[in-house]
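Just to be clear, the model below is a prediction. Sequence and coordinates:
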Amino acid sequence: MKSVTQEEISGCGIASVAALAGHSYQEAKAVANSLGIFAEDSSLWSDTRYVRVLLKHFGISASEGELPFSSWEKLPDLALLSIKWHLEDGHPFWHWVIFWRSPNGPVVFDSKKALKTNTRTDFWRIKPKWFISIEAAPNIAVKRDAQKAARPLP
């Protein structure tokens, strides 16, 4: 699996789904737009519904609810995380990232364009609020790699 960089300020959900599905940002954005999901809509930062619709379209199974983050070790092999969680005028906002136990060790794919690298291992800096477990991704290599990589964090 490879990280995908977002092209709009609120495109992190689209970029995360693109990475999970093995597509480019532009391909995932075109699908999202056809489903009535637009990166310009700040609801992508404050509602899981849009990302769930996009996941379903690409055949990616996800847990039904959001689970509170307790530790990196307790995360499933593949998950969407909410980080930078905060309230604005009473509405929750967050940034979507992917946690993956890769064959080379656990990583976080952060789609933020301004980062030097979108593959992060600086777990002490990342403060997840909750996560959505990704139960099945259509990319067979991702499934195989995630199963092989079930090892604890360093």
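That came in fine, so what should we check first?

Low-confidence stretches in the protein?
Residues of the chain that meet the criterion pLDDT under 70 lie in 43-45, 136-154.

All the helices of it, in order from the start?
Counting by DSSP state H, the chain has these helices, from start to end: 12-21, 25-34, 49-57, 140-148.

between those, which gets nearest to Trp72?
Minimum separation from Trp72 across those (C-beta to C-beta) falls at helix 140-148, 15.2 Å. To be clear about C-beta, it is placed using only N, CA and C from the backbone, and glycine gets the same treatment.

Just the buried residues of stretch 104-113, please?
106-112 (16 or more other C-beta atoms under 10 Å).

now these as JSON lines including distance to Ser34?
As requested, the buried residues of stretch 104-113 are exported to JSON lines (distance: C-beta to C-beta, whole Å):
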{"residue": "Pro106", "distance to Ser34": "34"}
{"residue": "Val107", "distance to Ser34": "30"}
{"residue": "Val108", "distance to Ser34": "29"}
{"residue": "Phe109", "distance to Ser34": "24"}
{"residue": "Asp110", "distance to Ser34": "26"}
{"residue": "Ser111", "distance to Ser34": "20"}
{"residue": "Lys112", "distance to Ser34": "25"}
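
If we only consider those residues, which is nearest to Ala39?
Each of the buried residues of stretch 104-113 was scored against Ala39 by C-beta to C-beta, and Ser111 proved nearest at 11.2 Å.

Residue most distant from the centroid, this protein?
Asp89 (24.7 Å; C-alpha atoms, centre = their mean).
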